[in-house]
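**Student:** Here's a sequence, model it:
(2 chains)
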Amino acid sequence: MSRKYYVCTGCALLCDDIEVETDNDVVTTVHAACRKGVARMKGCSNPMECTVGGEKADIDSAISMAATILRDAKNPLIFGHGNSSSEAQKKSIGLAKKIGAYIDDTSSFCQGPIIEAILQDKLKTCTLDDIRHKADVIIFWGADPSNSHPRHLSRYSYFPRGQERQRGWEEDRTAITIDIRRSETADICGDTRFYQIPMGGDAEFMEALVSALSNKVPKTSFDFDKKRILELGNVLKKAKFGVICVGLGLVYSLEQLEPLFTLMNKLNEVSSFHLMPMVGQYNMRGFNQNLFVETGYINRLKFNAETGETEHGNNYSVVEVLRDMSVDAALIIGSDPLSSLPLSIARYLAEIPLITIDPCNNLTATRSTVTIPCALGGVESGGTAVRMDGVEIELKKIIETNNPSDEEILTRITEAM
Amino acid sequence: MEIYQFLPKTNCKECGKATCMAFAVDLLGRKAKVDDCPPLVNEAKYKANYEKLSEMITPVGDVTETGLIVHENKCIGCGNCVVACPVNVANDPFGAGSGKAPTSDKVIFMVENGIVKARNVQECRRFGENKILCVACIDTCPTKAIEFV
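**Tutor:** Prediction:
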């Protein structure tokens, strides 16, 4: 009997081996997905309603109101996209171009710098399947996949047997955690493979590691045991296929990426190392790639409605435009900035007309002028998404819903403009 | 011994055992519950010890016939045990052994609704004639949700 597999959209691993049992268009049992995935696939506990000005409305009037708000705005912002299909993201980019909007996603305060460097070929990367088949040394740096991507270790990076790693994790793979705290991933790696560094000490530890790889004495201001750094250097030198899984802990700690470039260059002189960004939301990398293809930038943009030209830079990131109060309306797609941004910045967002497109109710939706419920990506609607390693995965629809997909809603808003 | 240290050590026999040490052994084997020791429950001076012991000895719940317990409230469904279990690898090398969802009915662990479920436990290497002290599922669990009693 052939099995029917679906794709989980709980995180950017996009596990494509999920079996689902349904009853009357409700997902009842999910096989093989982790808790995070099951929570996503079983749908919202608190679905969003279609409203205009806080009152229930039909979808046509909500779309027409959304179009009016965007038409009247001089500097609208379009934000979110991490939980949308690639098709919806492309529509969103098209809409931003048409109305001359600021466009950004969570990557501007998340994995953006790493993805940008990978797309510009400044960092060597590989696919998750390469990791499964070949990787013998895996470093989790500032990342705790046991919590953020529960199936990362079991499906790709540490435990599975692969073509060149057939003897299992005990003999064939070495997993190392470098973090400021003893995470659950560090527990799995073991005491000897856990390197605890002080907060903000990542760049210095990288320099020390480069020294160790160059056969020099590794020095750190926080007096990290030199023997242990030299030992780590030796493990990395012997790696046949190494991977550094970069988590948010490392991205937030580095003021600039130069130390990471230096370490990767040194590692690739003495052995072969690849970098894997631990992307959180299921299609954040998709948005970065789609915008990169369209404009040459991955995020933080302002389109000029008349010329179609783009302005790019830190000043155009969601945080800066809200801090400057330079936007006068915002369209939020599949995100909850009022919860995720600092209160001092998010407060302004609650003062301007907001349009939220999301399957579930959230804090941003409660302060929105217009809320339009959409189908849950990967469950109630299909499409394509880009995995954390850049591989495109096709999402399959599991159950039917009356809500249109976010792609359809964005198409209708664009037409109504 | 660690459990014994938290008991009153008075050999009062109120639990029905001859000594506190005997009660400690039964606690470890999940034959007795922490609440079966009346002085520990009732006397204020043992309150801290009672709390620590209750934390240490998690309730058995649905223990399988081979003594394997999956603490469902701790399990996050990461599937580390599914992929690391040598029996799963032997019985399903291209499914569970390769990191994917199990494709064979002979596997011991499977994740359902985000929680690992144990089945075919008689296949486990800790049981049967040639038993060995395998700890593959325990060592790889990030939340210590798997236990043998």
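**Student:** what's the closest non-adjacent residue to whichever residue of chain B sits closest to chain A?
**Tutor:** Of all residues in chain B, B:Gly99 sits closest to chain A, at 3.0 Å by CB to the nearest CB. To be clear about C-beta, it is placed using only N, CA and C from the backbone, and glycine gets the same treatment. Counting by CB to CB, 6 or more residues apart in numbering or on different chains, A:Pro160 is the residue found nearest to B:Gly99 once chain neighbours are left out, at 3.0 Å.
**Student:** Just confirm A:Asn315 is within a helix.
**Tutor:** Yes. Remark: A:Asn315 belongs to a helix, assigned using DSSP: H, G, I helix; E, B strand; the rest coil.
**Student:** Quick one: neighbours of it, just the number.
**Tutor:** 14 (other CB atoms under 10 Å in any protein chain shown).
**Student:** Can you read off the pLDDT for it?
**Tutor:** Here the pLDDT value assigned to A:Asn315 is 89.
**Student:** How about B:Leu7?
**Tutor:** On the pLDDT scale, B:Leu7 gets 85.
**Student:** Would you confirm that it contacts B:Cys37?
**Tutor:** Yes. Here B:Leu7 reaches B:Cys37: they are 6.6 Å apart, a contact under CB atoms under 8 Å.
**Student:** can I see the domain layout of chain B?
**Tutor:** Domain assignment for chain B, taken from automatic domain parsing, gives B:2-56, B:68-148.
**Student:** for stretch A:68-81, which positions count as buried?
**Tutor:** Of the residues in stretch A:68-81, those buried under the neighbour-count criterion (16 or more other CB atoms under 10 Å in any protein chain shown) are A:Ile69, A:Leu70, A:Ala73, A:Asn75, A:Pro76, A:Leu77, A:Ile78, A:Phe79, A:Gly80, A:His81.
**Student:** pLDDT weak spots in the chain?
**Tutor:** Chain wasn't specified; assuming chain A. A:1-2 (pLDDT under 70).
**Student:** try again with chain B
**Tutor:** B:29-30, B:58-66.
**Student:** So which residues on it come close to chain A?
**Tutor:** Proximity of chain B to chain A is confined to B:75-80, B:82-84, B:89, B:93, B:97-103, B:110-115, B:139-140, B:142-143 under the rule CB under 8 Å from any CB of the partner chain.
**Student:** Pull out the buried members of those residues.
**Tutor:** Buried among those by 16+ other CB under 10 Å: B:75-80, B:82-84, B:89, B:97-102, B:110-115, B:139-140, B:142-143.
**Student:** residue contacts, the spatially closest residue to B:Cys78 that is not a sequence neighbour?
**Tutor:** Nearest residue to B:Cys78 in three dimensions, chain neighbours excluded: A:Pro150, at 3.9 Å (CB to CB, 6+ apart). Neighbouring residues of A:Pro150 by CB atoms under 8 Å, 6 or more residues apart in numbering or on different chains: A:Cys34, A:Arg35, A:Lys36, B:Ile76, B:Gly77, B:Cys78, B:Gly79.
**Student:** how about the helices in chain B?
**Tutor:** Assigned by DSSP state H, chain B shows helices spanning B:2-6, B:20-28, B:38-42, B:47-56, B:80-84, B:86-91, B:136-139.
**Student:** and residue 147, how many neighbours?
**Tutor:** No chain was given, so I picked chain A. Using other CB under 10 Å, A:Asn147 has 15 neighbouring residues.
**Student:** that's the wrong chain, I meant chain B
**Tutor:** Count around B:Glu147 with other CB under 10 Å applied: 18.
**Student:** rewinding a little: which members of the residues of chain B next to chain A occur in strands, if any?
**Tutor:** If you go by DSSP state E, the residues of chain B next to chain A have B:Met110, B:Val111, B:Glu112, B:Ile115 in strands.
**Student:** wait, which of those is closest to A:Lys240?
**Tutor:** B:Val111 (31.0 Å; CB to CB).
**Student:** Give the closest residue to that closest one in space, chain neighbours not counted.
**Tutor:** Spatial nearest neighbour of B:Val111, chain neighbours left out: B:Gly77 (4.8 Å); criterion: CB to CB, 6+ apart.
**Student:** Alongside chain B, which residues does the stretch 1-150 of chain A contribute?
**Tutor:** Contact residues (CB under 8 Å from any CB) of the stretch 1-150 of chain A with chain B: A:3, A:5, A:17-19, A:29-39, A:132, A:146-147, A:150.
**Student:** Which of the residues you listed are buried, as a PyMOL select command?
**Tutor:** Those of the residues of the stretch 1-150 of chain A next to chain B that count as buried under 16+ other CB under 10 Å are selected in PyMOL with:
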select buried, chain A and resi 5+17+18+30+31+32+33+34+35+36+37+38+132+146+150
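**Student:** Take the residues of the stretch 1-150 of chain A next to chain B and keep only those in helices.
**Tutor:** Short answer: the residues of the stretch 1-150 of chain A next to chain B in helices (DSSP H) are A:Arg35, A:Lys36, A:Gly37, A:Val38, A:Ala39, A:Arg132, A:Ser146, A:Asn147.
**Student:** okay, those in CSV with distance to A:Asp179 next?
**Tutor:** Below are these laid out as CSV (distance: CB to CB, whole Å):
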residue, distance to A:Asp179
A:Arg35, 22
A:Lys36, 20
A:Gly37, 24
A:Val38, 27
A:Ala39, 25
A:Arg132, 23
A:Ser146, 12
A:Asn147, 12
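**Student:** For these, work out which two are farthest apart.
**Tutor:** Within those, A:Ala39 and A:Arg132 form the most distant pair, 25.2 Å apart (CB to CB).
**Student:** overlap in contacts of B:Leu7 and B:Cys37?
**Tutor:** Shared contacts of B:Leu7 and B:Cys37, defined by CB under 8 Å, 6+ apart, are found at B:Phe23.
**Student:** Same list, the buried residues of stretch A:68-81, but as CSV with secondary structure please.
**Tutor:** Shown next, in CSV, are the buried residues of stretch A:68-81 (three-state DSSP):
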residue, secondary structure
A:Ile69, helix
A:Leu70, helix
A:Ala73, coil
A:Asn75, coil
A:Pro76, strand
A:Leu77, strand
A:Ile78, strand
A:Phe79, strand
A:Gly80, strand
A:His81, coil
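**Student:** for A:Glu204, what are its contacts?
**Tutor:** A:Thr220, A:Ser221, A:Phe222.
**Student:** correction: A:Glu309
**Tutor:** Contacts of A:Glu309 by CB under 8 Å, 6+ apart are A:Phe303.
**Student:** quick one: it from chain B, how far?
**Tutor:** 46 Å (CB to the nearest CB, to the nearest Å).
**Student:** Repeat that for A:Ala350.
**Tutor:** 34 Å.
**Student:** Leaving out the residues flanking it, which one is nearest to that residue?
**Tutor:** A:Arg367 (4.5 Å).
**Student:** Make sure A:Val243 is indeed in a strand.
**Tutor:** Yes. Per three-state DSSP, A:Val243 lies within a strand segment.
**Student:** shouldn't it be in contact with A:Phe273?
**Tutor:** Yes. With contact defined as CB under 8 Å, A:Val243 reaches A:Phe273; the gap is 7.1 Å.
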